[in-house]
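Chemist: Need a 3D model of the sequence below.
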Amino acid sequence: MRLLRVENLECRDFGINEAPKYVVASHRWVKGCEVSLQDIQDGRNKEKSGYRKVEEFAEFVRKHIPSVEWLWVDTCCINKESAAELSEAVNLMFDWYREAELCIALLADVNGQEKTEIFGQSEWFKRGWTLQELLAPRLVIFVTSSWQVIGHKGTSSLSGDETLAGPSLERDISKTTGIPEAALHDFRIDVEYSAEQKLTWMKGRSTTREEDMSYALYGICGVRPGANYGERAEGARRRLLAAINEDQHQATQKRARLRKIESWLSPPNPWTSHQSARRLHEPQTGTWLTRSAQFQNWKAASIRHLWLHGRAGCGKTILCSTAIEAVKAHCKGQPDAIYAVFYFSFAEKQKQQPEDLFRSLIVQLGESEPALSMLQQAYDKHGQSTLGLEQLEDMLLSSFQSYSTVFLLIDALDECPQDNDVRLIMLECLTRLSQKAPHVKIFITSRDSPNIRQSMAALGIESMAVGTHPVNEDIRRHVATQMTRDHRLSNLDQKTKALIEETIAMKADGIFRWASCQLQELKRLKSTKPRYIKATLQSLPATLDDTYERMLVEIGSLYAEEALTLLQWLAFSERPLTLRELAAATLIRASDYSMDTAESSPPEEILDVLCGLVHVDRCPKHDAETTFDLGAMDCTDCNRMSAIPSSTSTMERLYLRSFHVARKGCKIRLAHASVREYLVSDRIGKGKAKAYAVAEGTAQAFLAQSCFGYLLFYFDQAKCQSALRDDDYPLCAYAMRFGVYHQRAAENQVGYEGTISRLQVRVLQENRAIAKHLSSLKAFRGLDHSPDSLLHSILWNQTVPTLHLACLLGLPQTAVLLLSGEVDCRKTAEVRLLFMPGRSHSALHCAVWSGSLQIVKLLLSRGADVDIGSGLGESTPLCVACQLGHLHIVNVLLNQGATVNVNQGVVQQPLQAACVWNHDAIARRLLEAGADADVSVGYDDSPLSAACKHGNENLVNLLLDRGADINYRAGSDWTALHTASEGGCENAVKLLLQRNADTTAMTGDGMTALQLGCMRRHDGIVRLLLQDKDTIRPGRGDVSRSLTVLQGSWDDYEYYAEPVDSEDVAALARAEEQANAIRDLLLEAQVELGLP
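Modeler: Alright, predicted model coming up:
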């Protein structure tokens, strides 16, 4: 890359990743007036207007952007006498614009007096190359012919005078070009927009050279075919489309590969949270963070980890999203550096656990090689099983090793729950990973609290407080921008606008959320006369708590009951609800499972009742004919659409906005984590809004009974109607999926006595009939059938006694209620479970499967047989607990006398199950209780073989230390060495060889460990086995037999592995490489031992 020094126009070449900060120039070429590289180098043709234009660009940078010393201008920074350099420049130009600090776009046909009126009519918007110059830079500043700033698009972390950029022009540019505002704000080639859509953005533009109409789209479409001037427009277009098709084909293959892995790991998507945060971000806000010495030092490696902490509502999530954008830019062009992000969220249950964090990070890091291949290997090995936290931690560590630098950015650590030490466990895992991977750098945001501060100290993290002053400045910008987007506030006089900005920024005390709430109050004023504005500003509440209290009190007693119902649903629902679902929830009378259908009203009225307390989440894609603005509704996906005409009445505007929200299925949630925190806190009970205090146990019970009441109402209606519509029962899917979750949460709360109507009993009793009717609804068929939901249990069970279903779903108080009716706990019932189809299980089995220690203890106290299943060809409850990893239940069963070594009539021994499912702690507990280390049943692996299959060295050593026979043969007639060699577990093979495992032992069909390793093409294992002198003995024909096995397996692989895409070709190449390596090893051994 070649740059000009702005001080003297000196030219200098820079290698890849060596370029300093620079500014790019964008302008219209004037035929015969531009200067070349040679002109600048030789100082000639200075009389040309193009030379003067370059000097003026340099002068503008010197004057307004003193922190930048270099400039790139397309006319004179490319040697156009070199075809090779010109082709390279066409390929790389998009990146050069993207990596610039900013782009200055000179609109030579716009003068100072008419700059706003004729801005969109400039010829600049009709040229082909300026499309790339508009989209690629993160910040474009438009200037007139006299170098006056018109405004900008995008944002930048550039240090300097922030007033330079001028007003945002994205909405005007979008109208002129037809390009979405989001693409203008921050265009990324890999996100959201199809190639077909990008091609349409060139419509109406022109270029001097016909081929450039295609070349100018290279970077935008993410392809690099190179320039070939002379091929004419048709040839250039043909090569562009071919490159796009090839890129899409490879991307499709990669996505298919990743989809399989994502389906297995089911990671939560952090980018939905990131996009929501970026939509709320205002240009030039948060730059104080990315410019700070601490952040720069963290990014540059002198600080290992950084913790940004601040009070509730100070904008930490938006700041985290800004940090993420800065790290993304930093990692650009550094193939060995990568970043991964995660947003904890109180509103999304799938973004709260350590497993959620690790699964998400693993998939993000696995999106490129070599981590993707590692992930593929893990999928091939474990793709049929659910990974535990320890396995996920190991996978994440392996992913880290694929890069030289890894940036992890984690937001809202305080929204990771503390219950059951979840947050502590997660932080301990991060600490271990940090110790094992010193090249990993972590950025965390959260509130400051003693326990978090203590954990941060253990992690060795540097802390950074969110300062009040810089946030207040950000708030000032935010308020100013929001006023320009509101049709009424934008019409205020400048004095009133300044008063609003100053008052809110001053009183906010660094709390963004508080400022946002006050803006909402101003927008709701019935009149915007200055005296009403001043009166409102003088009476602003002092704190967030005061703000929420005022909002709740203003709801009024008439709507209080409905508001409390809505707040409980919003605070404790398992997922964000749609407007129609919430509206249905307000009609439920759980006491007699009926619905106040006569009380139904337009769903959009809910938003008015809870105005300021709720947020409308991102909508699906909008219909093309939609022309109104949802900005005032705080809808994060609609707030850049055209405004509703100012002549529209207030009620009509509310109707239009709300109808759109309801029709589009937007999700409604509490506006901020601080709202929920206030509702469940002790503080609310001491003020005027105490009627809205929410207790978790009571709320969970209320939601559960509401779900069950809704289902029973639906069931009674279904018996009377031949056909039901989804639209008539919007809450059915949620009630069936999550009703049990809420009931379980309520019953496990201390002090819960089930005083609310016990509708769950009737739902459990009538489950088959309800499911039969529900199956006609589309929403029901599309549900995620989670194993511990009522829906799953109904679908996969037959003739389930109510007690068994209550135990299976983990409902202890419901079980107590049912047991009070003299139910026999010891009776076996027909319950079909997914993990053991067709088997008979007792209520105790069901309780163990659910993991409910409370129910297990209850049933045992009522006389349940601790060894039920023994002698009936079934697994005992202890074996089930060992399979599922329920150590706490294993301890209880053992303390109650459960048999560790069952002599007969079982499908699997407890120790065998623990090792097959790789539960170290349980295996250790069973051995301590006297389990036989060699016990096994049927054709399953022995405990030692199972441990080797998982490559679990700790468990292998434990079993051998406790007397396991290293050469023991299970029902399959394989030893542990056979299993480890066939499964490719090198560490296990190495460990067994150190313990003198018999390398000459054969399976029932005559295969040695060496031959099994050859058959599966595990070259590392073959190398280990050949190092053992007893592996190959003269006269036995081991080498020739192994070569035969190798060739046979390779022939079979080649026959069945016909490649259909690049992934298959790569797999075939890897397999051939492994086969050749093994062949060389065997032949070398043959020569060394003098074998024939």
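
Chemist: quick one, helices of the stretch 51-200 of the chain?
Modeler: 83-98, 129-135, 170-177, 181-185, 195-200 (DSSP state H, counting those that start in this stretch).

Chemist: Nearest to residue 703 among the ones you listed would be which one?
Modeler: Nearest to residue 703 among these is helix 181-185; the distance by Cβ to Cβ comes to 35.7 Å. C-beta here means a position set from N, CA and C on the backbone, and glycine is covered the same way.

Chemist: ok, and the closest non-adjacent residue to the most centrally placed residue in the chain?
Modeler: With distances taken as Cα atoms, centre = their mean, residue 269 lies nearest the centre of the chain, 2.0 Å away. In space, and not counting its chain neighbours, residue 269 is closest to residue 360: 7.6 Å by Cβ to Cβ, 6 or more residues apart in numbering.

Chemist: pLDDT averaged over the helix or strand the one you found falls within, what's the number?
Modeler: For residue 360, the element it lies in under DSSP states H and E is helix 354-365. Average pLDDT, helix 354-365: 92.

Chemist: Check the gap between the nearest residue to residue 1077 once chain neighbours are set aside and residue 951 for me.
Modeler: Counting by Cβ to Cβ, 6+ apart, residue 1077 lies nearest to residue 1019, which is 4.2 Å off, once chain neighbours are set aside. Distance, residue 1019 to residue 951, by Cβ to Cβ, to the nearest Å: 17 Å.

Chemist: do residue 446 as well
Modeler: 36 Å.

Chemist: Of the two, which one has the most company?
Modeler: Neighbour comparison, residue 446 and residue 951: the larger count goes to residue 446, with 24 against 19 (by other Cβ atoms under 10 Å).

Chemist: Can you give me the distance of the more buried one to residue 312?
Modeler: 10 Å.

Chemist: same check, this time on residue 997
Modeler: From residue 997 to residue 312 the distance is 59 Å (Cβ to Cβ).

Chemist: again with residue 382
Modeler: 40 Å.

Chemist: same thing with residue 469?
Modeler: 19 Å.

Chemist: Comparing those two, which shows the higher neighbour count?
Modeler: Remark: of residue 469 and residue 312, residue 312 carries more neighbours, 18 against 9, as counted by other Cβ under 10 Å.

Chemist: got a list of what the closest residue to that one other than its chain neighbours touches?
Modeler: Leaving out its chain neighbours, the residue that sits closest to residue 312 by Cβ to Cβ, 6+ apart is residue 674, at 4.4 Å. Applying Cβ atoms under 8 Å, 6 or more residues apart in numbering, we find residue 674 in contact with 312, 313, 513, 544, 548.

Chemist: of these, closest to residue 177?
Modeler: Checking the contacts of residue 674 one by one against residue 177 (Cβ to Cβ), the nearest turns out to be residue 513, at 34.9 Å.

Chemist: any idea which element that closest one lies in?
Modeler: helix 512-523.

Chemist: Now do that helix: which elements does it pack against?
Modeler: Other helices and strands packing on helix 512-523, by 3 or more Cβ pairs under 8 Å, 6 or more residues apart in numbering; DSSP states H and E, are helix 468-485, helix 494-508, helix 530-538, helix 544-553.

Chemist: Try it again at 6 Å.
Modeler: Applying 3 or more Cβ pairs under 6 Å, 6 or more residues apart in numbering; DSSP states H and E, one finds that helix 512-523 contacts helix 494-508.

Chemist: gap between the helix it packs on and the chain center?
Modeler: 37 Å (Cα atoms, centre = their mean, to the nearest Å).

Chemist: correct me, but residue 759 touches residue 706?
Modeler: No. Applying Cβ atoms under 6 Å, one finds residue 759 not in contact with residue 706, separated by 9.1 Å.

Chemist: and the two? which has more neighbours close in?
Modeler: Taking other Cβ under 10 Å, residue 759 and residue 706 do not tie; residue 706 has more neighbours (27 against 23).

Chemist: doesn't the more buried one fall inside a strand?
Modeler: No. According to DSSP: H, G, I helix; E, B strand; the rest coil, residue 706 belongs to no strand; its state is helix.

Chemist: tell me the contacts of it?
Modeler: 588, 590 (Cβ atoms under 6 Å, 6 or more residues apart in numbering).

Chemist: All further residue positions should be reported with the first residue as 44.
Modeler: Let's use 44 as the start, then, which means that last one is residue 749.

Chemist: Just the pLDDT at it, thanks.
Modeler: Predicted confidence (pLDDT) for residue 749: 91.

Chemist: One more: residue 645?
Modeler: 74.

Chemist: go on, residue 586?
Modeler: 91.

Chemist: how near is it to residue 356?
Modeler: 10 Å.

Chemist: ditto for residue 473
Modeler: Distance from residue 473 to residue 356, by Cβ to Cβ: 26 Å.

Chemist: Among the two, which residue is more densely surrounded?
Modeler: Taking other Cβ under 10 Å, residue 473 and residue 356 do not tie; residue 473 has more neighbours (26 against 23).
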